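Participant: sequence first, then the predicted structure:
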Amino acid sequence: MKTSRFTDSQIIAVLKQSEAGTPVPQLCREHGISSATFYKWRSKFGGMDASLMSQLKELQDENRRLKKMYADAQLSADLLKEAMAKKWRGHLNVGRWPEQRSKSDARTSGTPARPSR
């Protein structure tokens, strides 16, 4: 993920200057940012102070970490289900000859069922 060139305190300072009455185009020129960046900051961080911004960052990091943990757990569960299904199917017919299989096994295996003698 790309990191910002501006710290949280710098972003808040730019937004405070705007609230004080400095025109947006002038702020953008002074700080070397586009107007789109300024308005994105204002919509995301408007009205926040430094402590709220740091809390927001911490919560976003925790949310990202929890989503990753959930995705890893789901992947592990899916792999286990798949492995258990394959293992179970393999154990059903181990040691059986086609004559010893049940009729349902013979139908699913593709070999014709022989009548028992």
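Facilitator: Nice, thanks for sending it over.

Participant: just checking, what packs against the strand or helix carrying residue 62?
Facilitator: Using DSSP states H and E, residue 62 falls within helix 50-92. Applying 3 or more Cβ pairs under 8 Å, 6 or more residues apart in numbering; DSSP states H and E, we find helix 50-92 packed against helix 8-19. Every C-beta, even on glycine, is put in place using the N, C-alpha and C of the backbone.

Participant: tell me which residues of the helix it packs on are tucked away?
Facilitator: 8, 11, 12, 14, 15, 17, 18 (16 or more other Cβ atoms under 10 Å).

Participant: report the next helix or strand after that helix in sequence order.
Facilitator: helix 24-31.

Participant: kindly export that following helix (C-alpha atoms) in PDB.
Facilitator: Presented in PDB, the C-alpha positions along helix 24-31 are these (Å, rounded to 0.1, in the frame of the first residue of the first chain):
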ATOM      1  CA  VAL A  24      -8.500  26.000  -1.500                       C
ATOM      2  CA  PRO A  25      -6.500  26.700  -4.700                       C
ATOM      3  CA  GLN A  26      -4.000  28.700  -2.700                       C
ATOM      4  CA  LEU A  27      -3.600  25.900  -0.100                       C
ATOM      5  CA  CYS A  28      -3.100  23.400  -2.900                       C
ATOM      6  CA  ARG A  29      -0.400  25.400  -4.500                       C
ATOM      7  CA  GLU A  30       1.400  26.100  -1.200                       C
ATOM      8  CA  HIS A  31       1.400  22.400  -0.100                       C
END
